[in-house]
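> What follows is a predicted structure for the sequence shown.
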Amino acid sequence: MDILDRLTNRQSLEQKMAEEVTPLFLNAESLSAALKAKVIGQDAVCEDLAAQIRRRLALQQRGRPVGVFLFAGPPGTGKTYLAKRLATELGRKLLHLDMTQFSRGGFAASQLFGSSKGYVGSDTYGKLTAALRDVPDSIVLLDEFEKAHPEVHKNFLTAWNDGFITEASDGKQISTTRAIFVLTTNAATDPLTDLMRQFAGDPDELRRASTNALREAAFAPEVLNRIDRIFVFCQLEGLDIARVTALEIESMIQGYGLEVAEGGIAAEILLGMVRRFQKLGAAGSSRDLVRAVEESIADSLIEAKRRGARRITLAEVNQRVVVEPVE
């Protein structure tokens, strides 16, 4: 028997220790710059998010999570990627949950929060309760949150309002006060895009109007009331499309164990990708760019790697992308 089981209430002690808050003084400018360097076209979101994180980490008394943030806007604009970069920059573990997998009522809730005694799965913790038990300061990414079952939504209300979730298998309360929750949604894309343009310089009015738009898109009021900040992402335009494309090309090249030389991507290639993206209109996303890049250069990269190349350049010849090794 653990000595703490014998001499005290270990569960109560563990909970109180999990709720201990040590204020952290974050450099918001450095965090913002690091996020903007990777998440293209969303500078205002990155700056506001960094400021919000700094303020909340500095609090000594906190009975709720560090933050509950909603990333809204068109698909493929960097919502999920920003959450991943935030975890990297803060040195926190990322728990990525695809909420489309939790759309089936009570069973969905048990996957996240555990099953009551006597039910299948009651000998193990739920995905969320186990993760926060083991790593209380995780960043919890709830991707496409609106697609989860309403019963799942209700289970998060206590996590965000009271600072704990309850594991169904043993009734233990798991603290959420050190976690950061990031929800993403593609709901109400068109009205949110219009609101972003209309209230670009007024974050408070943008939040009010965005909340109304999301409520009309079937977001429950009790969920919206517990969200600390709504960030609306912009559709990619102009040079931002080229920047995202260049980063995707570089990432793909690195994935094949190659390196792109400085200035090694011909401007004509990026221009062609931008035009291709623009033809898609409002339905276009960075994922379309990834597919276009792969279709254009993957075979050539494989051949270059097979021939022993290490550094390469990309040129356009007769409307085809040509990979050239660099000595």
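Yes, it's here.

> Could you identify the helix or strand that succeeds the one helix or strand residue 241 maps to?
Taking DSSP states H and E as the definition, residue 241 sits inside helix 238-255. As assigned by DSSP H and E, the chain's next helix or strand after helix 238-255 is strand 259-265.

> quick one: buried residues of that next one?
For strand 259-265, a neighbour-count test (16 or more other Cβ atoms under 10 Å) marks 260, 264, 265 as buried. C-beta coordinates here come from the backbone N, C-alpha and C atoms, glycine included.

> Next: stretch 206-220.
Residues 206, 207, 209, 210, 211, 213, 214, 217, 219 are the ones in stretch 206-220 that count as buried (16+ other Cβ under 10 Å).

> and if you look at stretch 95-115?
Buried, per 16+ other Cβ under 10 Å, within stretch 95-115: 95, 97, 99, 102, 108, 109, 110, 111, 112, 113, 114, 115.

> what secondary structure does the first one sit in?
If I follow you right, that is residue 95. Secondary structure, DSSP: H, G, I helix; E, B strand; the rest coil: residue 95 is strand.

> where does the stretch 101-250 of the chain have low pLDDT?
105-106, 118-122 (pLDDT under 70).

> where along the stretch 51-200 of the chain do the helices fall?
Taking DSSP state H, counting those that start in this stretch as the test, the helices found in the stretch 51-200 of the chain are 79-90, 105-113, 127-134, 150-161, 189-198.

> if we can go back for a sec, from the buried residues of stretch 206-220, pick the one nearest residue 26.
residue 207 (22.4 Å; Cβ to Cβ).

> which SS class is the residue lying closest to the closest one once chain neighbours are set aside?
If the residues on either side of it in the chain are set aside, residue 207 comes closest to residue 230, at 5.2 Å by Cβ to Cβ, 6 or more residues apart in numbering. Here residue 230 is recorded as strand under three-state DSSP.

> So which of the buried residues of stretch 206-220 sit within strands?
Nothing among these maps onto strands, per DSSP state E.

> Now these in JSON lines, please, with extra columns for distance to residue 161.
Formatted as JSON lines, the buried residues of stretch 206-220 follow (distance: Cβ to Cβ, whole Å):
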{"residue": "206", "distance to residue 161": "24"}
{"residue": "207", "distance to residue 161": "18"}
{"residue": "209", "distance to residue 161": "24"}
{"residue": "210", "distance to residue 161": "21"}
{"residue": "211", "distance to residue 161": "17"}
{"residue": "213", "distance to residue 161": "23"}
{"residue": "214", "distance to residue 161": "18"}
{"residue": "217", "distance to residue 161": "22"}
{"residue": "219", "distance to residue 161": "16"}
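
> Distance from the chain centre to the longest helix along the chain, please.
Longest helix of the chain, by residue count under DSSP state H: helix 286-306. Counting by Cα atoms, centre = their mean, to the nearest Å, helix 286-306 is centred 25 Å from the centre of its parent chain.

> From residue 164, how far off is the closest residue to residue 220 other than its chain neighbours?
Residue nearest to residue 220 in three dimensions, not counting chain neighbours: residue 153, with 6.1 Å by Cβ to Cβ, 6+ apart. The gap separating residue 153 from residue 164 is 17 Å, by Cβ to Cβ, to the nearest Å.

> Residue 125 now?
Per Cβ to Cβ, residue 125 is found 14 Å from residue 164.

> Neighbour count for the two, which is higher?
Per other Cβ atoms under 10 Å, whichever of residue 125 and residue 164 has more neighbours is residue 125, with 23 against 19.

> isn't the more buried one right up against residue 167?
Yes - using Cβ atoms under 8 Å, residue 125 is in contact with residue 167, at 5.6 Å.

> Return every residue with contacts to both of those two.
Common contacts of residue 125 and residue 167, defined by Cβ atoms under 8 Å, 6 or more residues apart in numbering, comprise 114, 133.

> thinking again about what came up before, give the contact list for the residue nearest to residue 220.
Contacts of residue 153 by Cβ under 8 Å, 6+ apart are 145, 220, 223.

> any idea how far it is from residue 130?
As judged by Cβ to Cβ, residue 153 and residue 130 stand 20 Å apart.

> how is the protein carved up into domains?
3-232, 238-326 (automatic domain parsing).

> Out of those domains, which is the most enclosed?
Most buried of these, by mean neighbour count (mean count of other Cβ atoms under 10 Å): domain 3-232, with a mean of 18.

> before we move on, the earlier item: can you list the helices and strands that the helix holding residue 241 packs against?
Using 3 or more Cβ pairs under 8 Å, 6 or more residues apart in numbering; DSSP states H and E as the contact test, the elements touching helix 238-255 are strand 259-265, helix 267-279, helix 286-306.

> I am finished for the moment; much appreciated.
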